[in-house]
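Student: Sequence first, predicted coordinates after that:
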Amino acid sequence: MKQQQQSVIAAVFGIILSLALVSSVSAKDQESKPVSQGKNAKQTGEASKADPLRDQVDEAIKITSKRILTANVHTPWQILHGILALRHDFQVKKGDKKVSAIEWLSNDATFGGQPVFQITKYGAQGHPYTRDYVFEGHPNQFLAILTMSNLPLDFEMTTGAKKITIADVVKNSKMDINSREEITWSLWALSHYLPSNSRWHNKYGESWSIERLVQIQTQQKVTEGACGGTHGLFALAYARNKHIESGRPLRGVWYEAHRKVKRYVETARWSQNYDGSFSASFFEGRRFARDFATRIETSGHILEFLVMAVPHDRLSEDWMRRGVAAVSRELIENRKRSAKCGPLYHALHGLVLYRDRMYPPEQLAKREPIKTAKKPQETKPTAKATSEKSESTTKTSPTKPATKADSKPAAKTTEVTETSDGKKTEQTDAKASASKSAAKSPSKATPKSRTAKMKVRVSNAKTDSAAKIKATPANLKTDGTEKKFEKPVIKSDKPKAS
C-alpha cells in the first residue's frame, strides 16, 4: 500500500511539475513574441542611430554653405566654384537680397562689363581666360562645372540680347576641341552630355571622339596636371563611370583609363597621413602639412577625386572614412578663417559627393526626371577650315614673356566671408597672381594652352597655432622638425618602348 501511495504521489508531483514547466515556457514565449515580430522595428532602430561621421559631414557642409559670395564683387570663376560644390542650393548676394547663383548666371551675368558666356560662330562658350581667377581658367571649365548641377541641354541662359542653351555650349566645345590645349574639362563636360561612343569632326575637319579624349588624358603625366593632377584623374573617373553606366565594357583605352584611376587611388591611400589627411605633395609621396591652406587644397582635391573614383563598397573602408573626417574637421575648425574659393569649394564638393553617395537624400528619389532637348547637330567643316585654323592658332599662341602690359595688377577679387556670428573677413585670391608672368623666363615659354598660367603653387606656410592640428609622433622627429618620407615609385603612364 505504501509503495502504491508513493507511486501515486510521485505521479501527481510529476504532472504538477510538467504543468509548471509548460506555463513557464509559454510565458517566456509570450515575452519574446514582440521581439520576434519586431524584427523590422529593430532594424529601423539600428538604422536610426546616426553615424557620427555623417553628422560631421553634414555640419561641415552646413557651416561652409554660410560663406557668402557677392555678384560683381567676386569673380565668375569664384562663383562657379561655389556652384560646383552646392549646385542649385548655392546662393549669391545681389544687391540687398540673396538669389540662386544659377539664376544669376543664366540672366545676362557679367563681370567688369564682360559677359560670362559669349556668342560664337558655332554656338556659345564661357568667357576665355584673361586674368587669373576671373573667367575660365581652362577650356570648357564652366561647362564642366555646370554638369554637376545636371542642367539639361535645353536649359536657357541670356547673354547680351540673345538666348543660348547648354546645347549651344556643347556644340561649340566639340567644334573648338584641338590637341594644342588641355582637354581635361572638355572630357569631363562632353562625357556628361554625349554617349561614350560619340564621334564628330571639329572646325578644322579633324576626327574626334570621346575615346580619343580619354586616350589623351590617360597618357598625360599626372604630376604635370593642374592641382597635382587631381582634375585630370577626376575627369577620367567621371568619363569611365558614364561609360560603365551605359553598359559598355572596359576595353582598349577605357581599360587603360580604368587601370590608371585604380593605380592613383592606391597611391593616395598609401601616402595618406596618420591623422587622415592626404599627402601635402598630392601624388608625389607622403608629406604632412600643418597650415589650413595647404591641407584643404591637397586633401580636398584628392578626396574629390577619390569619392568619384572608388566603388560604393570602398566608401566605407577605414582609410576613406578617416580622409572624409579629416577634410570635414578642417572646414569645421577653420570656419571663421578666410580661404581661397578654389580649394575651399573643391573640398566641399568632395564632401557633398560623399554624402550623396553614402546617404542619398530622399528628395532625389522623388524628383521628376529632367527633360532634355535633342542632341546638338554636328556642323560639317567648311571650306574655310584653313583660315579658321590660322585664326585659332593666333588665339592660342604660346605664352608671351612678361611685358609692361602684363605686369598690371590683377582685378580685385576680394572674398568676403560671412560667418554664423555675423562677422566678416576679407581675402584677395589674386594677390600672388599679379607677379606670375614676370617670374617666368622667356626661354622656358612653351606653346601649351592658355591654362598653363593658372597653375597655383602653394608654398608651405608657417605653423598656424589657430588651426590646433596635432601632428603625430610618426610624422615628426623629436626636435619638432618634419620627417621626410620616401616617395612612392609610380610607373610611367606611358608604356615603355619595346
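Tutor: Yep, that arrived. Numbers count the residues shown, from 1 in each chain.
Student: From here on, just use CA atoms for contacts and neighbour counts.
Tutor: Noted.
Student: Leaving out chain neighbours, which residue sits closest to His243?
Tutor: The spatial neighbour of His243 that comes closest, neighbours along the chain excluded (CA to CA, 6 or more residues apart in numbering), is Ser196 at 5.6 Å.
Student: and the one you found, that one's in a helix?
Tutor: No. Ser196 is assigned coil when assessed by DSSP: H, G, I helix; E, B strand; the rest coil, not a helix.
Student: That one touches Glu211, doesn't it?
Tutor: Yes. Taking contact to mean CA atoms under 8 Å, the distance of 7.1 Å between Ser196 and Glu211 places them in contact.
Student: all strands of the protein, in order?
Tutor: 69-70, 91-94, 97-100, 110-111, 114-115, 117-120, 123-126, 156-159, 162-165, 199-201, 207-209, 414-418, 424-428 (DSSP state E).
Student: what's the model's confidence in the second one, averaged?
Tutor: Over the span of strand 91-94, the pLDDT mean works out to 94.
Student: Repeat that for the fourth one.
Tutor: Regarding strand 110-111, the rounded mean pLDDT is 92.
Student: partners of that strand, with directions?
Tutor: Partners of strand 110-111 in the sheet, by DSSP bridges, are strand 114-115 (antiparallel).
Student: what about the partner strand, average pLDDT?
Tutor: Here strand 114-115 scores 94 as its mean pLDDT.
Student: Just tell me which of the strands of the chain ends up closest to Glu297.
Tutor: Shortest distance between Glu297 and those, using CA to CA, is found for strand 424-428: 15.9 Å.
Student: Would you convert the strands of the chain into TSV that also reports mean neighbour count and distance to Lys174?
Tutor: Putting the strands of the chain into TSV (neighbours: other CA atoms under 10 Å; distance: least, CA to CA, whole Å) gives the following:
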stretch	mean neighbour count	distance to Lys174
strand 69-70	22	32
strand 91-94	20	31
strand 97-100	14	29
strand 110-111	17	25
strand 114-115	16	21
strand 117-120	18	13
strand 123-126	22	10
strand 156-159	18	19
strand 162-165	16	15
strand 199-201	16	8
strand 207-209	16	8
strand 414-418	21	34
strand 424-428	15	35
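Student: hang on, the earlier thing: who has more neighbours, Ser196 and Glu211?
Tutor: For Ser196 and Glu211, the more surrounded residue by other CA atoms under 10 Å is Ser196, and the numbers stand at 22 against 19.
Student: ok now do that one, which residues does it touch?
Tutor: The contact partners of Ser196, by CA atoms under 8 Å, 6 or more residues apart in numbering, come to Ile210, Glu211, Ala239, Lys242, His243, Ser246.
Student: residues contacting the last one?
Tutor: Applying CA under 8 Å, 6+ apart, we find Ser246 in contact with Pro195, Ser196.
Student: repeat for the fifth one
Tutor: With contact set as CA under 8 Å, 6+ apart, His243 has these partners: Pro195, Ser196, Pro249.
Student: so what pLDDT did it get?
Tutor: Taking His243 on its own, its pLDDT is 97.
Student: That one and Ser191: what is the separation?
Tutor: His243 sits 8 Å away from Ser191, taking CA to CA, to the nearest Å as the criterion.
Student: coming back round to it: relative to Pro343, which of the contacts of His243 is nearest.
Tutor: Among the contacts of His243, Ser196 lies closest to Pro343 (CA to CA), at 29.7 Å.
Student: Backbone dihedrals for the closest one, please?
Tutor: Per-residue torsions, Ser196: phi -70, psi -10 (degrees, to the nearest 10).
Student: Now do the contacts for Leu146.
Tutor: Applying CA under 8 Å, 6+ apart, one finds that Leu146 lies in contact with Ile83, Leu84, Arg87.
Student: Who wins on neighbours among those residues?
Tutor: Neighbours here are counted as other CA under 10 Å. On that basis the top member of the contacts of Leu146 is Ile83, with 25 neighbours.
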